[in-house]
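Novice: Pasted the sequence and its predicted model underneath.
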Amino acid sequence: MQRSTAVIYTLFFAGAVAFVIAQSGPKGRGAASAPADAGATVDAGSPTATPPTADDGDAGADAGVEGAPASGPEQTARSDAGITLLSGEAPPGLPTEAPKKVRFGVVLVQYRGAQGATPNARSKDAALALARELAEVAKTDFKAAVDKGDKGSTDDLGFIPRGVLEPAPEYELFSLPKGGVSGPVDTPRGFWITRRIE
């Protein structure tokens, strides 16, 4: 019984993740643009068409998402996305009291090279700046942060069991208390800000 339940949850989550990835891309409202110099503040206008720079971290394997624009330097995912925390360190192991599954919502902030991102998506630096800004909003109003995030953001993605996500987002999500909101975490799909519902 437990095995069939786990299989059902895994299949449900795989479908939900596929939906999020398929729906990924900048929304018409709330998507940030990257200024010409990466150090400037983020403007809440339309997505940027600035070409990638060497420090965007766009090197890596082909994203391979069906329906995504043609591959190229701007369409590759970083090889360490989801593997390390923003500090560059590997996430520690989850404590034994961590839940086996959680119900969560996610704010997605894409950047050039993330799975499903368009070629004119913001740079990774601009995406991180926006993700940090939205993480602050999410602490008090998660729904408002979802509305300002990219297409694929949702306040309730459903349940997910442990062992499905990459190490960094799994550590961030499964370490949260009920109602807790994470800071930005890099994933192959872009930056995630997660909220644990249950």
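Specialist: Here it is on my side, so go on. Numbers count the residues shown, from 1 in each chain.
Novice: which residue sits closest to Pro92, ignoring its sequence neighbours?
Specialist: Computed as Cβ to Cβ, 6 or more residues apart in numbering, the closest residue to Pro92 that is not its neighbour in sequence is Tyr171, at 6.9 Å. Every residue, glycine included, has its C-beta placed from N, CA and C.
Novice: I figured the one you found hits Ala98, correct?
Specialist: No. Tyr171 lies out of contact with Ala98 (Cβ atoms under 8 Å); the separation is 9.0 Å.
Novice: ok, the two, which is more surrounded?
Specialist: Neighbours per residue, other Cβ atoms under 10 Å: of Tyr171 and Ala98, the larger number sits with Tyr171, 20 against 15.
Novice: In three-state terms, how would that one be classified?
Specialist: Taking DSSP: H, G, I helix; E, B strand; the rest coil as the rule, one finds Tyr171 in the helix state.
Novice: For Val109, give me its contacts.
Specialist: 32, 127-128, 130-131, 134, 149-150, 184, 190-193 (Cβ atoms under 8 Å, 6 or more residues apart in numbering).
Novice: How about Phe142, nearest residue that isn't a chain neighbour?
Specialist: The spatial neighbour of Phe142 that comes closest, neighbours along the chain excluded (Cβ to Cβ, 6+ apart), is Arg195 at 4.9 Å.
Novice: again with Pro177
Specialist: Arg196 (7.0 Å).
Novice: next one: Leu94
Specialist: Closest to Leu94 by Cβ to Cβ, 6+ apart is Phe174, at 5.4 Å.
Novice: how close does that neighbour sit to Asp150?
Specialist: 23 Å (Cβ to Cβ, to the nearest Å).
Novice: So which of those two has more stuff around it?
Specialist: Between Phe174 and Asp150, Asp150 has the larger neighbour count (other Cβ under 10 Å), namely 30 against 22.
Novice: So what does that one look like in phi/psi?
Specialist: phi -80, psi 170 (degrees, to the nearest 10).
Novice: Is it in contact with Gly190, as I believe?
Specialist: Yes. At 6.9 Å, Asp150 and Gly190 qualify as touching, with contact defined as Cβ under 8 Å.
Novice: List the contacts of Leu173.
Specialist: 102, 104, 160, 165, 182, 194, 196.
Novice: For those residues, which entry has the maximal number of neighbours?
Specialist: The residue in the contacts of Leu173 with the most neighbours, by other Cβ under 10 Å, is Thr194 (28 neighbours).
Novice: What separation is there between that one and Leu157?
Specialist: For Thr194, the distance to Leu157 - Cβ to Cβ - is 9 Å.
Novice: now swap in Arg196 and tell me
Specialist: Arg196 sits 11 Å away from Leu157, going by Cβ to Cβ.
Novice: where in this protein is pLDDT low?
Specialist: 1-79 (pLDDT under 70).
Novice: now do 90
Specialist: Scanning the chain for pLDDT under 90 picks out 1-80, 95-96.
Novice: which residues of it fall in strands?
Specialist: 101-109, 154-161, 185-187, 190-196 (DSSP state E).
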